[in-house]
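# Fold the following, please.
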Amino acid sequence: MDVDAFVAAHRAQWDRLDALVRRRRVLSGAEVDELVALYQRTATHLSQLRSAGHDPALIARLSATVARARAAAVGGAHASTWRSAARFFAVSFPLAAYRIRWWWLATAGGSLALAVLIGWWLARSPAAMTSLAGSSKQQAAYVNHEFRQYYSQYSGQSFGSEVWTHNSLLAAEMLISGIFLGLPTLALLLANALDVGSAGAVMITHGKTTEFFVLILPHGMLELSSVFLAAAAGLRLGWCIVDPGPRSRSRAMAEEGRAAITIALGLIVTLLVSGSIEAFVTPSSLPPWARILIGGVVAAAFIGYVTGVGGRAARAGLSADIAEAPDVVAVTA
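Below you'll find the model as predicted:
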């Protein structure tokens, strides 16, 4: 190997790498990509020089450069990951939820109204109550034991994990079902309203109104808010197939699909919180008012977060589209 010729051919790249490493804290996304590419090339150059066994001083210099560049590249990747996560919770998720707020509100209002209507109908129709909730003996067992024991029959950690998994799957089904014009999403909402309405009817008609709301509200406010948001995203996705508006149908589906994915990722966190409340707060020995207050504060905080942070992002003209997220840094081995 002609070391002088080798150095002449590659010195500019090494110098550029040194310059980027010195400026690593203020690099743009493109410059970080350039740093990673130059790091990989310089590591190859170092390997070639070591194999040739020439110029220990040059090898030592390049070894130091490669080590600094590797630290900068890995550190940049970690910083970019944190920046992406921060942007997701500061912009992408709340903005995606805020932009479908009217769908969310309509879904919540319609579902809750349907649950109340179902409960009222069952309470006035003993035959229908028996058909859905079982015999009088079965209803008595449900009211006196099963409804309450459901929240305390397992350890808090196991129960919380089970609830989180179940609710996450339900939310995912409601989202994904949007590609079928949202019809399965409507069916899932109907089933959910039937479950809530029938449970309420059985408990209330047997004089357990207070117990029903004390056990359902602490976790239910955030849980149902999350489920209704998932359903709203699914219905919005289904509607864009029917009426894409000024966008092409393929573009509308792509954009709404990405928004649905953003919402799904955010709901993993909210459903984890509601599952933890259901496992540790709902069956706790806290006074009923305290349990309901905790659930109400958490649910209000979530809605305030979406309307406040998401609304501010919307007014600023920011994008919630994950395709327009900040540059992603390549991670090297």
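# Can you pull out the low-pLDDT segments for this structure?
Counting by pLDDT under 70, the chain contains low-confidence residues at 1, 53-54, 74-83, 322-333.
# Would you map out the domains in it?
Per the record's domain assignment (automatic domain parsing), the chain is made up of the domains 3-90, 100-284.
# pretty sure Gly311 is in contact with Val91, am I right?
No. With contacts counted by CB atoms under 8 Å, Gly311 stays clear of Val91, the gap being 11.8 Å. The way it works is simple: take the backbone N, C-alpha and C, and place the C-beta from them, glycine included.
# Nearest to Ala300 among the domains of the chain would be which one?
Closest of the domains of the chain to Ala300 is domain 100-284, at 8.3 Å (criterion: CB to CB).
# Just say which of the domains of the chain is most tucked in.
When you average the neighbours per residue for each of the domains of the chain (mean count of other CB atoms under 10 Å), domain 100-284 leads with a mean of 18.
# Which strands and helices lie in contact with the helix or strand containing Gly119?
When secondary structure is defined using DSSP states H and E, the element that contains Gly119 is helix 101-124. For helix 101-124, the packing partners by 3 or more CB pairs under 8 Å, 6 or more residues apart in numbering; DSSP states H and E come out as helix 126-133, helix 183-205, helix 209-242.
# Could you dump the domains of the chain into TSV with distance to Ala316 added?
Below are these laid out as TSV (distance: least, CB to CB, whole Å):
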stretch	distance to Ala316
domain 3-90	11
domain 100-284	17
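# and the gap between Val21 and Val66?
Val21 sits 10 Å away from Val66, taking CB to CB, to the nearest Å as the criterion.
# Leaving out sequence neighbours, find the closest residue to Leu114.
Nearest in space to Leu114, with sequence neighbours left out and distances taken as CB to CB, 6 or more residues apart in numbering, is Ala193 at 4.2 Å.
# helices and strands around the one helix or strand Ile263 maps to, which ones?
Here Ile263 sits within helix 249-280, counting by DSSP H and E. Judged by 3+ CB pairs under 8 Å, 6+ apart, helix 249-280 is in contact with helix 93-99, helix 156-176, helix 209-242, helix 288-305.
# Which of Gly311 and Val91 has more residues huddled nearby?
Val91 (21 against 15; other CB atoms under 10 Å).
# quick one: secondary structure of the more buried one?
Going by DSSP: H, G, I helix; E, B strand; the rest coil, the secondary structure assigned to Val91 is helix.
# Quick check: it touching Gly317?
No. Counting by CB under 8 Å, Val91 does not reach Gly317; the two are 11.2 Å apart.
# Wait, Gly182 touches Gly234, no?
Yes. Gly182 sits in contact with Gly234 when judged by CB under 8 Å, with a separation of 5.8 Å.
# How far away from the center of its chain is stretch 132-152?
Stretch 132-152 has its C-alpha centroid displaced from the chain centroid by 34 Å (CA atoms, centre = their mean, to the nearest Å).
# all numbers from here: first residue = 46
All right, first residue 46 from here; so that's stretch 177-197.
# Can you pull out the residues in contact with it?
Contacts of stretch 177-197 from elsewhere in the structure, counted by CB atoms under 8 Å, 6 or more residues apart in numbering, are 167, 174-175, 204, 239, 243-244, 246-248, 251, 253, 256-257, 260, 323, 327-328.
# Over to stretch 256-264?
192-193, 196, 208, 241, 244-245, 248-249, 319-320, 322-323, 326-328, 333, 336-337, 339-341.
# rerun at 7 Å
Among residues not part of stretch 256-264, those counted as contacts by CB atoms under 7 Å, 6 or more residues apart in numbering are 192-193, 196, 245, 248-249, 319, 322-323, 326-327, 333, 336-337, 339-340.
# Extract the C-alpha set from stretch 151-165 and format it as CSV.
Output of stretch 151-165 as CSV, limited to C-alpha atoms (Å, rounded to 0.1, in the frame of the first residue of the first chain):
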residue,chain,number,x,y,z
ALA,A,151,-69.9,11.6,18.9
THR,A,152,-68.7,8.0,19.5
ALA,A,153,-68.6,8.5,23.3
GLY,A,154,-72.0,10.2,23.4
GLY,A,155,-73.7,7.7,21.1
SER,A,156,-72.2,4.7,22.9
LEU,A,157,-73.1,6.0,26.4
ALA,A,158,-76.6,7.0,25.3
LEU,A,159,-77.1,3.5,23.8
ALA,A,160,-75.8,1.9,27.1
VAL,A,161,-78.3,3.9,29.1
LEU,A,162,-81.1,3.1,26.7
ILE,A,163,-80.3,-0.7,26.9
GLY,A,164,-80.2,-0.5,30.7
TRP,A,165,-83.6,1.3,30.8
